[in-house]
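> heads up, no residue letters with this:
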């Protein structure tokens, strides 16, 4: 299988920084996505990493280490609207499987 | 146009009914996916179509039958479903299966089986 692990839930304060970690199995790995999903809505794309290093997009950054099977999503200057589930998803070569982790439920408090 | 359109948005069906979910994209993507998502759970992969051919079936029961009539359309035919099949069904597309590119998701069909 392609076990993808991330914390179930996290809480942070408005204006703060939060890091959501994700580990995955490296065999056949092709790329790592982060999606945001609000309750009752479809996932929306946040970031994509295929090479090692940090990708920055405004308040959101994502990091990948292929050798360690590790990624994180960094959210800066947290806003209340950032309260959502954050899904780590890994793309595997075998036929093009995009497999999701369990999601991290982030609660941003005032 | 970076949109994946799913219809209907909501569907209530009885256990003896036959219905179909539809998904459409006009981005020229050659890979299309069906996912099932239960409340507070991540999307679970059901099927992958690559170049209009079924490439992955994640051991989905035969009461779910996918169909890809052309490169823009993906259907999911439903027959004799069970109440536990009630979920959000998400369609996604990407440039190609196994190609490093974003997968775009539709808004989903919320299915209730009564």
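Happy to help now that I have it. Since the structure is predicted, the reported quantities are computational estimates derived from the model, not experimental observations. Numbers count the residues shown, from 1 in each chain, chains lettered A, B, ... in the order given.
> in chain A, which helix or strand is least confident?
Least confident helix or strand, chain A: strand A:97-100 with a mean of 87, by mean pLDDT, DSSP states H and E.
> which helices and strands sit right next to that strand?
Applying 3 or more C-beta pairs under 8 Å, 6 or more residues apart in numbering or on different chains; DSSP states H and E, we find strand A:97-100 packed against strand A:84-92, strand B:44-50. All C-beta spots, glycine's among them, are computed from the backbone N, C-alpha and C.
> out of the ones you listed, which is the most enclosed?
Across the helices and strands packed on strand A:97-100, averaging neighbours per residue (mean count of other C-beta atoms under 10 Å in any protein chain shown) puts strand A:84-92 on top, at a mean of 23.
> run through who's touching it.
Contact with strand A:84-92 is made by A:2, A:4, A:6, A:20, A:22, A:24-25, A:28-39, A:43, A:46, A:71, A:73, A:97-101, A:103-106, B:42-43, B:98, B:100, B:103, as judged by C-beta atoms under 8 Å, 6 or more residues apart in numbering or on different chains.
> which of those residues fall in strands?
Mapping the contacts of strand A:84-92 onto strands (DSSP state E) picks out A:4, A:20, A:22, A:24, A:29-37, A:46, A:71, A:73, A:97-100, A:104-106.
> which among those residues end up buried?
The neighbour count (16 or more other C-beta atoms under 10 Å in any protein chain shown) marks A:4, A:20, A:22, A:24, A:29-37, A:46, A:71, A:73, A:97-100, A:104-106 as buried among the ones in strands among the contacts of strand A:84-92.
> pLDDT at the residue of chain A found nearest chain B, what is it?
With C-beta to the nearest C-beta, the shortest gap between chain A and chain B falls at residue A:96, namely 2.5 Å. We have a pLDDT of 70 for residue A:96.
> wait, it sits on residue B:93?
No - using C-beta atoms under 8 Å, residue A:96 makes no contact with residue B:93, being 11.2 Å away.
> look at those two and report which has more neighbours.
Per other C-beta atoms under 10 Å in any protein chain shown, whichever of residue A:96 and residue B:93 has more neighbours is residue B:93, with 29 against 23.
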